[in-house]
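K.L.:
What would the 3D arrangement of this be:
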Amino acid sequence: MTGIDEKIRQGMSEDDRAFLASLDAEPGLFQQMGAAFAGTMKAWTVFAFLLSLVFFGLAIWSGFAMFDSETAVEAIGWAGVGLAGFMATGFVKIWFWLRMNHLTLLREMKIIELRLDSLNAN
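P.N.:
Okay, the predicted model is just below:
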């Protein structure tokens, strides 16, 4: 810890210190995933999660239908549906990971804001 960090900690109130200590603990992957299901975007996150399950189920189902098809044209059609389902699942998962990254960035910005505020208080 540097001298500036020590000055920052001395200038903070007890509430700020407790809040900053809670932010300093780096959350794990599952904690970050759980945090994505909270806040104002909770409904959209749940919707995206369920949508990814639907797309994945569609992809698996079309894979079985492809092998059970009667003609080559039908098999190619089912393969296309399966590919689209897997791609849609990937896109929704990318959105979810971007949401988690967004929350991590907000957390880091809050830490910087608290540190700057404590510097201005001195």
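K.L.:
drop to CA atoms for contacts and neighbour counts, all remaining ones
P.N.:
OK.
K.L.:
Secondary structure element holding Pro27?
P.N.:
In the assignment (DSSP states H and E), Pro27 maps to no helix and no strand.
K.L.:
which residues of this structure score low on pLDDT?
P.N.:
Counting by pLDDT under 70, the chain shows low-confidence ranges at 1-5, 7-17, 19-24, 121-122.
K.L.:
Next one: the residue nearest the centre of it relative to Phe86, how far apart?
P.N.:
The centroid of the chain falls nearest to Met100 when counting by C-alpha atoms, centre = their mean (2.3 Å). Counting by C-alpha to C-alpha, to the nearest Å, the separation of Met100 from Phe86 is 21 Å.
K.L.:
which residues touch the residue nearest to Gly82 when sequence neighbours are not counted?
P.N.:
The spatially closest residue to Gly82, leaving aside those adjacent along the chain, is Ala59, at 4.1 Å (C-alpha to C-alpha, 6 or more residues apart in numbering). Contacts for Ala59 (C-alpha atoms under 8 Å, 6 or more residues apart in numbering) come out as 81-86.
K.L.:
go again using 6 Å as the cut-off
P.N.:
82, 85-86 (C-alpha atoms under 6 Å, 6 or more residues apart in numbering).
K.L.:
Okay, buried residues for the helix or strand hosting it please.
P.N.:
Per DSSP H and E, Ala59 falls inside helix 42-67. Buried residues in helix 42-67, counted by 16 or more other C-alpha atoms under 10 Å: 45, 48-49, 51-52, 55-60, 62-63, 65-66.
K.L.:
helices and strands around the helix or strand that comes right after that helix, which ones?
P.N.:
Going down the chain from helix 42-67, the next helix or strand is helix 72-121, by DSSP H and E. For helix 72-121, the packing partners by 3 or more C-alpha pairs under 6 Å, 6 or more residues apart in numbering; DSSP states H and E come out as helix 42-67.
K.L.:
Please repeat the previous calculation with a cut-off of 8 Å.
P.N.:
Packing partners of helix 72-121 (3 or more C-alpha pairs under 8 Å, 6 or more residues apart in numbering; DSSP states H and E): helix 3-11, helix 14-24, helix 29-36, helix 42-67.
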